[in-house]
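Student: here is a sequence together with a model predicted from it:
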Amino acid sequence: MSRIIPKKKLGQHFLQDQDVVDRTVAAANLSSSDVVLEIGPGPGILTKTLLKSPIKKLYSLEIDPQFFSRLKPLESEYPDRFQLIMSDALQFPLSKLDEPKIKIIANLPYNIGTTLIIRWLGELNKITSMTLMVQKEVAERIAGAPSTKSYGSLSILCQIKCEVQKLFDVPPQAFNPPPQVMSSVLQLVPKDQTLSDEELTNLENLTQLVFQQRRKMIRVSLKQLNIENLESLLEKNGFNPMDRPEDLSIEQFVRLSRLFEKSVS
């Protein structure tokens, strides 16, 4: 076969460490009833491992034509269990898969990882779990806890919708070519949602607003909402106006977005 040429514009760093692949697949807790979506199979090390697991079916989404001839024969080798889809993951709604629920398992391209995760948060009705390899910095932001530098609007958006767990770190030498940063595997499992779509939108708008000025006290960043008697309103509802965004828990942000729902909608 022809030599594999990593494409920088596609953020390609191909996983080559079988132990990392095995740990990732094991974390997904796969069964014979599971349907899996893989993003960017590339040379196919994760693909082949998934096909050796007891899953019902695997869909692999690949945009790079150089891998088509490498992966297409797997459809004959695993009839009815494997389908290669040549498509851009950013342009592929999960509703195109004729499956009630899927598990997503992928080594996500660095340049679109966060965008894909945010997109899938809007399609959680189709997802059982997501077991994903991303940049370590992104994983820490998604799993970030209050009062840490990683905590922000992405942490809140992900954790309000999913149970989030950072599983393990992966060094650069596990990839070809090696990236200049560490990677991490994390897992997101959708929660039963207690907030309405409108409440979720208001929460997202509010967190983005205040974390744009994360070093400022909320009495300052919330001035953009033009609320009369802002500080006294905050104090009356149990908030410290001198807190910074990272000091507030997710539950406090939910209460804050409900308090200001007419201003952030």
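Tutor: Received, thanks.
Student: need the strands for this structure, in chain order.
Tutor: 14-15, 35-39, 57-62, 82-86, 102-107, 127-135, 162-170, 175-176, 183-190 (DSSP state E).
Student: for the second one, which outside residues touch it?
Tutor: The contact list for strand 35-39 (C-beta atoms under 8 Å, 6 or more residues apart in numbering) reads 28, 30, 46-47, 50, 55-61, 89, 94, 97, 99, 101-109, 116. Using the backbone N, CA and C atoms, a C-beta is placed for each residue, glycine as well.
Student: which of those residues count as buried?
Tutor: 28, 30, 46-47, 50, 55, 57-61, 89, 94, 97, 102-109, 116 (16 or more other C-beta atoms under 10 Å).
Student: buried residues in the top helix by length along the chain?
Tutor: Of all the segments of type helix in the chain, defined by DSSP state H, the longest one is helix 197-211. For helix 197-211, a neighbour-count test (16+ other C-beta under 10 Å) marks Glu199, Leu200, Asn202, Leu203, Glu204, Asn205, Leu206, Thr207, Leu209, Val210, Phe211 as buried.
Student: so which of those residues comes closest to Met130?
Tutor: Closest approach between these and Met130, by C-beta to C-beta: Leu200, at 17.9 Å.
Student: tell me the contacts of that closest one?
Tutor: Ile160, Lys161, Gln193 are the contacts of Leu200 under C-beta under 8 Å, 6+ apart.
Student: with distance to Asp17 and pLDDT as added columns, please give those residues in TSV.
Tutor: Below are the contacts of Leu200 laid out as TSV (distance: C-beta to C-beta, whole Å; pLDDT from 0 to 100):
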residue	distance to Asp17	pLDDT
Ile160	33	97
Lys161	30	97
Gln193	36	84
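Student: the residue most distant from the middle of the protein, which is it?
Tutor: Asn229 (38.2 Å; C-alpha atoms, centre = their mean).
Student: against Lys223, how distant is that one?
Tutor: Here the distance between Asn229 and Lys223 works out to 12 Å (C-beta to C-beta, to the nearest Å).
Student: phi, psi for Pro54 please.
Tutor: phi -80, psi 20 (degrees, to the nearest 10).
Student: thought Ser32 was touching it, still the case?
Tutor: Yes. With contact defined as C-beta atoms under 8 Å, Pro54 reaches Ser32; the gap is 4.5 Å.
Student: centroid residue for this structure?
Tutor: Short answer for the chain (C-alpha atoms, centre = their mean): Ile117, at 3.1 Å.
Student: count the neighbours of Lys136 for me.
Tutor: 18 (other C-beta atoms under 10 Å).
Student: how much space between the spatially closest residue to it that is not a sequence neighbour and Met130?
Tutor: Leaving aside its sequence neighbours, Lys136 sits nearest to Met182 (C-beta to C-beta, 6 or more residues apart in numbering; 4.0 Å). Separation of Met182 from Met130 (C-beta to C-beta): 20 Å.
Student: tell me which of the two has more neighbours.
Tutor: Met130 (26 against 15).
Student: check contacts around that one.
Tutor: So Met130 contacts Lys103, Ile104, Ile105, Ile117, Trp120, Cys162, Gln187, Leu188, Val189 (C-beta under 8 Å, 6+ apart).
Student: is it bridged to anything, and to what?
Tutor: Met130 has these beta-bridge partners by DSSP bridges: Ile104, Leu188.
Student: check it and give its pLDDT.
Tutor: On pLDDT, Met130 comes in at 98.
Student: how about the one 4 residues further on?
Tutor: pLDDT recorded at Val134 is 96.
Student: so who does the closest residue to it other than its chain neighbours touch?
Tutor: Nearest residue to Val134, sequence neighbours excluded (C-beta to C-beta, 6+ apart): Gly113, at 4.5 Å. Applying C-beta under 8 Å, 6+ apart to Gly113 gives the contacts Gly11, Leu132, Val134, Gln135, Val138.
Student: re earlier: in a markdown table, list the contacts of Met130 along with pLDDT.
Tutor: Formatted as a markdown table, those follow (pLDDT from 0 to 100):
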| residue | pLDDT |
| --- | --- |
| Lys103 | 98 |
| Ile104 | 98 |
| Ile105 | 98 |
| Ile117 | 97 |
| Trp120 | 97 |
| Cys162 | 97 |
| Gln187 | 98 |
| Leu188 | 98 |
| Val189 | 98 |
